[in-house]
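1. Sequence and computational prediction follow.
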Amino acid sequence: MSLTLTSTFSNARACQCVSFSLQIFINNEWHDAVNKKTFPTINPATGEVICHVAEGDKADVEKAVKAAKDAFKLGSPWRRMDASDRGLLLSRLADCIERDAAYLAELETLDNGKPYAVSYSVDVPMVVKCLRYYAGWADKWEGKTIPIDGDYFCYTRHEPIGVCGQIIPWNFPLLMQAWKLGPALATGNTVVMKVAEQTPLTALYVASLIKEVGFPAGVVNIVPGMGPSAGAAIASHMDVDKVAFTGSTEVGHLIMKASSTSNLKKVTLELGGKSPNIILSDADMEEAVEQSHFALFFNQGQCCCAGSRTYVQESIYDEFVERSVERAKKRIVGDPFNFNTEQGPQVDEEQFQKILGYISSGKREGAKLMCGGGPAADRGYFIQPTIFGDVKDDMTIAREEIFGPVMQILKFKSLDEVIERANDSKYGLAAAVFTKNIDKAHYISNGLRAGTVWINCYDVFGVQAPFGGYKASGIGRELGEYGLDNYTEVKTVTIKVPQKNS
Amino acid sequence: MLDYSQESDIGQPCNSTRGKVFSTYNPATGEKICDVQEADKADVDKAVQAARSAFSLGSVWRKMDASERGRLLFKLADLVERDSAYLATLESLDTGKPFLSSFFVDLQGTIKTFRYFAGWADKIHGSTIPTDGEYFTLTRHEPIGVCGQIIPWNFPLVMTAWKLGPALSCGNTVVLKPAEQTPLTCLYIAALIKEAGFPPGVVNILPGYGPTAGAAIASHMGIDKVAFTGSTEVGKLIQEAAGKSNLKRVTLELGGKSPNIIFADADFELAVEQAHQGVFFNSGQCCTAGSRIFVEEPIYEEFVRRSVERARRRTVGNPFDPTTEQGPQVSAEQQSRVLELIQSGITEGAKLECGGKAPPSKGFFVEPTVFSDVQDHMRIAKEEIFGPVQQIMKFKTIEEVIERANNTEYGLAAAVFTTDLNKAMTVSAALQAGTVWINCYNALSCQCPFGGFKMSGNGRELGEIGLKEYTEVKTITMKMSGKKS
């Protein structure tokens, strides 16, 4: 099947009020890389270069960390600012993003390939909500006064950690930026952020908004660049007090190693997953099929929490597979700027090849290819919605994270069996259960070793609700009140008093 | 321009059921500003019906995302900010407070309070609880329901925000009665509430009198909670009415006779200025007024001298003159009450150092007045004056001053001025007051809980704790098979 891509949008549409540069953002200014290098960013729908962006390396990270450190000094404007004013700045940033939503959604789709309808109606609104949510926390993150033994008065202060390195992925560029900046800035930290080399553009636009709304210079610094250079420099920098990374488990290991060999900076990780989606025989079949389809195929399968092991109870297995295949065949793959498109391209050549490799392994290892199985177009990184049936737990496609539009359907008999098989993974990011029975729903969700369990739904996110992984899916939780813990140092202060009274 | 002649109810301004109106006055001149519709029991009934309906299961308000409630409150704050010059003018016209105060203190306090509670809306968490037995237990923090709110005339806008903020953040619906002396800015807020997009019936505003509309709210069988800010005398009536009717939840913010304790080792300049502002701010019309100033013997004479000098310098006049520090009292009634208490001070033997009279002009002004050699038994040392009258007393020891400071049925606020860490820790722990200031006075912010010990009130407003008063906790326990930790 070949696709003709026609973009109905003008990529040269003038942006609203601000200008941003394809450079490194330090101290509210735009800089070339110290070594003057640049790298191209590609439109995955066509394979063409969109533009070139400054490529930050160790020397640029050095500059950014220095700026962030200065901005965090005692007595600086950022340290002296009322917490409520930090919140107000975050709120204003949200307002500006909302103002420029159409442009940002377009830029996101151009750089990442996700359908524009989704960028505009899901990604950007969620970004706005995330920043507004954390704006509200800024002046509400309270320490305690504590009835300690003895003639002492004791309290805790919730202080910012300091300079926070943040390394974000390419699957939800804008949203991942908001998930990182929101809690870090609400709690008063300063930031050095490395954006993914596949998708640097929207983050850089947001940098210009950060300057526009009035964040003091040095509070947020953004370095586009590569993982092994800029990312590694952040993870091992002696003056970075904390690093937060979202990406593959493989790189998560490296980040943690770097922390341990440098200054033991605090580490939080949001890594990969192989999330089990469990369909019981009493589930609403139509709902389960549609949600399971969405659980796997959303964002071109490029979700850390993708429901990539669909366990279906024996008695409904055949019907479920048949309906899922029917649904997958109807999935519209094409130009992300066409409003009818459900699935755009994979983000780059590397991912494209990797996914095709997994599909081959599935065929080799004896899984039954039910539909799809190859590229969907001659140009761009499009892959056909693919389903494998009769998948066994020990197959590569059942154990490794594919990060593409490839669905695995497995059969099970009993509840205890499926809980055990679901938990038999090094990952533990998310899971789901589809059933009408109140008892079974709670029995299973209590037994699953996963950071998020969905019941009769999938991929339901709210900025109010914590998200993160058990086991090798990560360390720590993002979002919600819990997300603030990652960006806080608790200081206990104990004062001698002449006589304590309750 | 707004038509102020009407109540705001069910998303619409409307006339009072019985067609009555009352007048509101400019206290700087004594002249009438305009007439306002007067709500009575029948209007309260209508409002409660609207609020109840807006609260029913499945209503727009009940089904709304908590974050969206927060958005509406934030929008309201933005609208108040947009119209802050107008609102400050209206506030000064109706209350007599200096315009610069209205603009920089009252308006900012109002905006910040709405924004603060906007932020809480989707952060009100219940718990999941490790209960004994094969059960899954969780709590929901639900809104209480229809909340009656009765607010005073000393900070009309700020009091509106302190009440509406937490109530709406938690998802309640409201029937609010502003003070009859100062209904105008609250009615303007009603128009902004509609503009912001709050569903009809969520907020209902009824200007009227205490004994009629206020009493109707306090004893209404269809109101689930009443919050009152005002005098201790009326606070008792509210609590009684609640007990006699449907045991509605009650929170009260009442009067005070707050002690301000100045030690000899205090930063002297700071203490004099803070003690001055602490009692004279808002023409003395603050529940937190530091109206008993206890000065340690060694610095007493000098402190009196400097306080008198400062009081003499206090500029009293037209609220719209930017050099004015002090406007009129809010009404003729308040003015005569203050003058009567000043007389009692003279009669009972306190030393009148300066002021003591109403200046010869239109409006309800009282001169900044200072009494020294005040004894604890005098009326001016025991009763809340609510006017620009400063009482200065002498003390010797820390134990003595703590005892004297606590020897009152009030307990709203207090302050201590000292550079000594131990004194500060000891005194702040010992004072029976809801807020204790150390080396400052009236440092109030919406993040901090505020309320009274003893007869200064029940419950706390502001801060996270303020949400408790607008929440009903429901525990849900579900049978499970095979509990796991």
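-> That came in fine, so what should we check first? Residues are numbered from 1 along each chain as shown, chains lettered A, B, ... in the order given.

2. For the stretch 351-500 of chain A, what lies in contact range of chain B?
-> By the rule Cβ under 8 Å from any Cβ of the partner chain, the part of the stretch 351-500 of chain A lying against chain B is A:438-439, A:442-443, A:446-447, A:463-464, A:481, A:495, A:497-500. Quick note: C-beta positions are derived from backbone N, CA and C, even for glycine.

3. now do 6 Å
-> Taking Cβ under 6 Å from any Cβ of the partner chain as the criterion, the neighbours of chain B within the stretch 351-500 of chain A are A:439, A:442, A:443, A:446, A:464, A:497, A:498.

4. From those, keep the buried residues only.
-> A:442, A:443, A:464, A:497 (16 or more other Cβ atoms under 10 Å in any protein chain shown).

5. Chain neighbours aside, what residue packs nearest to the last one?
-> It stands for residue A:497. residue B:425 (4.5 Å; Cβ to Cβ, 6 or more residues apart in numbering or on different chains).

6. so that neighbour is in which element?
-> Using DSSP states H and E, the element containing residue B:425 is helix B:421-430.

7. For that helix, buried residues please.
-> B:423, B:424, B:425, B:426, B:427, B:428, B:429, B:430.

8. is it true that the second one touches residue B:418?
-> Yes: under the criterion of Cβ atoms under 6 Å, residue B:424 is in contact with residue B:418, at a separation of 5.5 Å.

9. burial measure for the residue lying closest to residue B:345 once chain neighbours are set aside, as a count.
-> Nearest non-adjacent residue to residue B:345, counting by Cβ to Cβ, 6+ apart: residue B:380, 4.1 Å away. Other residues near residue B:380 number 24, with proximity taken as other Cβ atoms under 10 Å in any protein chain shown.

10. now residue B:380: how far from chain A?
-> Distance, residue B:380 to chain A, by Cβ to the nearest Cβ, to the nearest Å: 31 Å.

11. residue contacts, that residue?
-> B:341, B:345, B:391 (Cβ atoms under 6 Å, 6 or more residues apart in numbering or on different chains).

12. Repeat that for residue B:311.
-> B:354, B:368, B:370.

13. neighbours around the second one, how many?
-> The local packing count at residue B:368 equals 26, with neighbours defined by other Cβ under 10 Å.

14. shouldn't it be in contact with residue B:315?
-> No: between residue B:368 and residue B:315 there is no contact under Cβ under 6 Å: 9.4 Å.

15. pLDDT weak spots in the stretch 1-150 of chain A?
-> Counting by pLDDT under 70, the stretch 1-150 of chain A has low-confidence residues at A:1-19.

16. excluding its backbone neighbours, what's nearest the residue in the stretch 1-150 of chain A that chain B sits nearest to?
-> Distances between the stretch 1-150 of chain A and chain B by Cβ to the nearest Cβ are smallest at residue A:136, namely 2.5 Å. Leaving aside its chain neighbours, residue A:136 sits nearest to residue B:119 (2.5 Å; criterion: Cβ to Cβ, 6+ apart).

17. before we move on, which element is the one you found in?
-> helix B:107-120.

18. and that helix, what does it pack onto?
-> helix B:66-82, helix B:156-169 (3 or more Cβ pairs under 6 Å, 6 or more residues apart in numbering or on different chains; DSSP states H and E).

19. now do 7 Å
-> helix A:83-99, helix A:124-137, helix B:66-82, helix B:84-95, helix B:156-169 (3 or more Cβ pairs under 7 Å, 6 or more residues apart in numbering or on different chains; DSSP states H and E).

20. Ramachandran coordinates for the closest residue to chain B within the stretch 251-400 of chain A?
-> Residue nearest to chain B within the stretch 251-400 of chain A (Cβ to the nearest Cβ): residue A:280, separated by 15.0 Å. Dihedral pair for residue A:280: phi -80, psi 160, per degrees, to the nearest 10.
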